[in-house]
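*Asks:* Okay, structure incoming, though there's no sequence with it:
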């Protein structure tokens, strides 16, 4: 809900520009009973709270109390996110930041918060017949896939889950198997599982790794999941930068209370879903979510424009001394390369791009959304295949020339691996990074493409373009005044 009083002009770096004042003298205590838990969510990051929970909040506001959906959320990689939200009874401030002003909304659809390691609570919720949806935001890497898209049976955490028959699992596929087994044994009925991560056909991806995990544990469980669980695919979009101390200070000015877990986001949001909800769902359609029969065109447009643009800026912008998307997009070299990348993608996209690109130019130019390039650049080995190399594949299939802008992104990623320790930021690329150090441009290009897209059409031609871009980027006259690559 958005409550407000009046406009003020704010000054000083700690506040920003115009802000919308909201004062709630009740603190974090709820003034009415929370909605019944009907959604269980895995991955309590900022994006889920700016997107899924925000849509659920708005849908609840338009629904009768009996038709509202409460969310019980479990942390993914870190248990630290649970404590501040639990102290606030699951409530938090969403700071919606445009180029001109900030607006605060209190989200209270989150009614229960848990450490992801709490297997008893996880299984307990899945046993409830009123729970109709399990949702996930665990990032691309959280699906634990191998090069062929199946469950990575060499992953140490996957091996550990299988050794325990998926009881108290640590991976997302393992946790789903653990919870769905409890649901089957309780006779709680059918359920929908909704992936909200940036993966093409993410529902099918999640279905595959979940069924493979279940098959390795109990073939009859895999059969039950195949017959009783709907895996819904989604396209999600809302930029959500990391929250800073300044953001927390602004939140205090806006609301008159201390929030240990605010989330900053942009005004724009989009959500497109494909799949069945056998146990019902919130009235998301009433607040802008679209339900379609074919999600793929929407996925491609988002991945190949917004996400691909972000990936280019993450590596190219960092080389040129930028730290945020807005800074990089304002850089004339980065801007020209992004526009060229978008042109290459637009030629093979099935949906119109003019309106989407106009919105992206406005979003990328917003200087008050401090979307950090370092945050975007994480797990590049998982992102480049679907954001960059998929466009190259589509262009080859359409008989179009290889995209040089896309090749430039691969070159920038290679330079990033050669110059940085990616042990924690891109663990799947560690072995490649070791091989790349000291390799010449042509060899490095082929090595990277063998990892990113082993089946890429016209790979030799694409590798030549990547090698050419590497040479261009490492020439002395391409360096910045500080000595870093541009």
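*Replies:* Yes, it's here. Note that the structure is a prediction, hence the values are computed from the model and not measured. Numbering: from 1, shown residues only.
*Asks:* And the strands in the stretch 51-200 of the chain?
*Replies:* Ranges of strands in the stretch 51-200 of the chain, per DSSP state E, counting those that start in this stretch, are 70-74, 92-97, 101-107, 110-114, 133-136, 191-195.
*Asks:* Which one of those lies nearest to residue 275?
*Replies:* Among the strands of the stretch 51-200 of the chain, strand 191-195 comes nearest to residue 275, with 6.9 Å by Cβ to Cβ. Bear in mind the C-beta positions are built from the backbone N, C-alpha and C, glycine included.
*Asks:* so what pLDDT did the spatially closest residue to residue 117 that is not a sequence neighbour get?
*Replies:* Nearest residue to residue 117 in three dimensions, chain neighbours excluded: residue 79, at 6.5 Å (Cβ to Cβ, 6 or more residues apart in numbering). Listed pLDDT for residue 79 reads 80.
*Asks:* Can you list the buried residues in stretch 352-361?
*Replies:* Residues 353, 356-357, 360 are the ones in stretch 352-361 that count as buried (16 or more other Cβ atoms under 10 Å).
*Asks:* Stretch 209-227 too?
*Replies:* Under the neighbour-count criterion of 16+ other Cβ under 10 Å, stretch 209-227 has 209-218, 221-222, 224-225 buried.
*Asks:* Now do stretch 254-266: distance from first to last residue.
*Replies:* For stretch 254-266, the first-to-last residue distance is 17 Å (Cα to Cα, to the nearest Å).
*Asks:* avg pLDDT for that stretch?
*Replies:* 94.
*Asks:* ok, now how distant is residue 277 from residue 86?
*Replies:* 28 Å (Cβ to Cβ, to the nearest Å).
*Asks:* returning to what we had before: could you verify my assumption that the residue nearest to residue 117 touches residue 118?
*Replies:* No. Look at residue 79 against residue 118 with Cβ atoms under 8 Å: they stay out of range, at 9.1 Å.
*Asks:* List the contacts of stretch 278-294.
*Replies:* Residues outside stretch 278-294 that contact it (Cβ atoms under 8 Å, 6 or more residues apart in numbering): 38-39, 55-56, 58-60, 62-63, 67-69, 131-133, 189-192, 228, 230, 269-274, 298.
*Asks:* Using PyMOL, make a named selection holding only the buried ones among the residues you listed.
*Replies:* Applying 16+ other Cβ under 10 Å to these leaves a buried subset, and the PyMOL line that selects it is:
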select buried, resi 38+39+55+56+58+59+60+68+69+131+132+133+191+192+230+269+270+271+272+273+274+298
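*Asks:* Quick check: helices, which of the contacts of stretch 278-294 are part of them?
*Replies:* The members of the contacts of stretch 278-294 that map onto helices under DSSP state H are 55-56, 58-60, 228, 298.
*Asks:* now, which of those sits nearest residue 335?
*Replies:* So of these, ranked by how close each gets to residue 335 (Cβ to Cβ), first place is residue 298, at 25.4 Å.
*Asks:* and the closest one, what does it touch?
*Replies:* 235, 272, 290, 292, 351.
*Asks:* ok, and the most crowded of those residues?
*Replies:* Top of those by neighbour number is residue 235, holding 24 neighbours under the definition other Cβ atoms under 10 Å.
*Asks:* bridging residues for that one?
*Replies:* residue 272 (DSSP bridges).
*Asks:* There's contact between it and residue 299 in this structure, I believe.
*Replies:* Yes. Counting by Cβ under 8 Å, residue 235 does reach residue 299; the two are 4.9 Å apart.
*Asks:* Specify the residue ranges that define each domain of the protein.
*Replies:* Domain assignment for the chain by automatic domain parsing gives 7-293, 297-478.
*Asks:* Next secondary structure after the strand or helix carrying residue 447?
*Replies:* Secondary structure assignment for residue 447, by DSSP states H and E: helix 441-452. Going down the chain from helix 441-452, the next helix or strand is helix 459-474, by DSSP H and E.
*Asks:* Run the chain-centre distance for that following helix.
*Replies:* Mean C-alpha position of helix 459-474 versus that of the full chain (Cα atoms, centre = their mean, to the nearest Å) differs by 29 Å.
*Asks:* Which elements pack onto that helix?
*Replies:* Packed against helix 459-474, as judged by 3 or more Cβ pairs under 8 Å, 6 or more residues apart in numbering; DSSP states H and E, are the following elements: helix 404-419, helix 441-452.
*Asks:* ok, residue 145 - contacts?
*Replies:* Residues near residue 145 by Cβ under 8 Å, 6+ apart: 151-152, 205, 209.
*Asks:* oh sorry, the question was meant for residue 252
*Replies:* If you count contacts by Cβ under 8 Å, 6+ apart, residue 252 has them with 258-259.
*Asks:* host element of it?
*Replies:* Counting by DSSP H and E, the element that carries residue 252 is helix 245-255.
*Asks:* so how far is that helix from its chain's centroid?
*Replies:* Averaging C-alpha positions (Cα atoms, centre = their mean) puts helix 245-255 25 Å from its chain's average.
*Asks:* what two of the buried residues of stretch 209-227 are the furthest from one another?
*Replies:* Of all pairs in those, the most separated under Cβ to Cβ is 209 and 224 at 16.7 Å.
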